[in-house]
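In: what's the 3D shape of this:
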Amino acid sequence: MPRTTTVECPGCPPLRALTFDALGLIKVIEARGKEGGVPKVVEKWGDPDASKCLLAASIDDRKTDPLLAVARKSGAVEILSPVSGELCCTVTNGGDASVRPDDDAIVGLHLFRKNRMDSASRSCTLFTCTTKGNASVRSFEITNTPTDSDSSKTWKVSASGNILCSQVDGSENYSLFGGKNVEVNMWDLKEGTKIWTAKPPPKNSLGIFTPTCFTSVAFLSKDDHRKFVAGTNNHQVRLYDISAQRRPVISFDFWETPIKAVAEDLDGHTVYIGNGCGDLASVDIRTGKLLGCFLGKCSGSIRSIARHPEHPVIASCGLDSYLRIWDIKTRQLLSAVFLKQHLTKVVFDTNFTEEEIFHHATNSQVRESEIGIEIQTLDDEEKPPVKRKKSSKEKESKNKVAKKDGGTKKSKSKKRSNSVEAEIVDDE
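Out: So this is what the prediction gives:
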């Protein structure tokens, strides 16, 4: 039986989240209502197909012409509209043709926002990184037909080992890479050169060296690319500062299972950690102090954590097929949605507003009420009055009343006859 904890869910603020699962489905979850809204699945995009498993996603949720990029198991990268789910274009992964897509899957994906804001045309710049260490930055025009990249730049970030995690900073100038037998390192995306490489920790007191295996990375701030946090397969959380040293500044253990997801807070020093056992906690990375665990045990490995940029909530998803919304202040579960498939990623759409939905809902309700009134008036004018048939119960009740009336009449007639006979006897 899965390990779950029953807690009361008070609801969450108005928000819109997109989840991506192992069967290639994209589901849109919305919570409507100013206070205590219950999130529900409002849309589902795609058909279930295990060969089209969604591995990575990146969203550019600006108000005009937003875009969503998703990487599939087949090696294709699709550009969609996060509002309607309409497919804009498909770009194939420009890796080695002799290697199968399953052996060189995409683990890092980023949709550049800065380049789209500077350019007036409907172009797109995309960053991808595969398991074998093939990184590329491609720019292309968005069309309705599959296209190859107009301009691309590729390089190799790892000669040996497998890349398991990748992250682009807020300025979109630097990127982190790490994985199995690959020390976390930082590259300059404009120049395509490595600027920093981490040094592995020394051996322990017994002289045993733990092999490197990084599973997740995250920058602490969008404005500063020098500090970042990394999670390892041997349940360690490490803080690096490239301006200070090559080894971790702070390193501590978090329970006893591999770290699977790491996300930063807006304050620049709080980090959210999720492991393979379903534990979710917040840590002050400056001191390594555990601030607290989130209430409500997850029953599966956590694979993705997302922080909402406006509301004080985070979202987590994983192999237990649940999307959970948490309050970061009280660390309580606000709401949970069961989505049936193993989830791989969750992102927030920050342009979701309650006012637009309220106006849309009120307009639709007014239209429906007007249509209902028109239909009712037409029915009253056209249809002639119809006599209602008497039900069997009414018939039975009337028969009973008739029987009672008949019995009283008979008794009255008998009394009259008796009185007449009495009068005749008196006269005689």
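
In: Show me the shaky parts of the stretch 201-350 of the chain.
Out: For the stretch 201-350 of the chain, the stretches with pLDDT under 70 are 297.

In: one more time with 80
Out: The stretch 201-350 of the chain contains residues with pLDDT under 80 at 296-297.

In: hey, where'd the strands end up in it?
Out: Ranges of strands within the stretch 201-350 of the chain are 214-219, 227-232, 236-241, 250-253, 259-264, 270-275, 280-284, 289-293, 302-307, 313-318, 322-327, 333-338, 343-348, based on DSSP state E, counting those that start in this stretch.

In: Can you give the contact residues for the fourth one?
Out: Outside strand 250-253, the residues that touch it by C-beta atoms under 8 Å, 6 or more residues apart in numbering are 201, 235-239, 285-288. Every C-beta, even on glycine, is put in place using the N, C-alpha and C of the backbone.

In: Quick one, which of those are buried?
Out: 235-239, 285, 288 (16 or more other C-beta atoms under 10 Å).

In: TSV for the residues you listed, including distance to Ile59?
Out: Below are the buried ones among the contacts of strand 250-253 laid out as TSV (distance: C-beta to C-beta, whole Å):
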residue	distance to Ile59
His235	30
Gln236	30
Val237	26
Arg238	28
Leu239	27
Ile285	25
Gly288	31
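
In: Which of those sits closest to Asp223?
Out: Ile285 (16.3 Å; C-beta to C-beta).

In: Kindly check the end-to-end length of stretch 162-182 for me.
Out: 7 Å (C-alpha to C-alpha, to the nearest Å).

In: I should have written stretch 44-58 there, sorry.
Out: Using C-alpha to C-alpha, the distance between the terminal residues of stretch 44-58 is 18 Å.

In: ok, now stretch 182-196?
Out: For stretch 182-196, the first-to-last residue distance is 13 Å (C-alpha to C-alpha).

In: before we move on, back to that, any chance of the contacts of strand 250-253 in JSON lines, plus distance to Leu333?
Out: Converted to JSON lines, the contacts of strand 250-253 look like this (distance: C-beta to C-beta, whole Å):
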{"residue": "Pro201", "distance to Leu333": "35"}
{"residue": "His235", "distance to Leu333": "23"}
{"residue": "Gln236", "distance to Leu333": "27"}
{"residue": "Val237", "distance to Leu333": "23"}
{"residue": "Arg238", "distance to Leu333": "28"}
{"residue": "Leu239", "distance to Leu333": "28"}
{"residue": "Ile285", "distance to Leu333": "24"}
{"residue": "Arg286", "distance to Leu333": "27"}
{"residue": "Thr287", "distance to Leu333": "26"}
{"residue": "Gly288", "distance to Leu333": "25"}
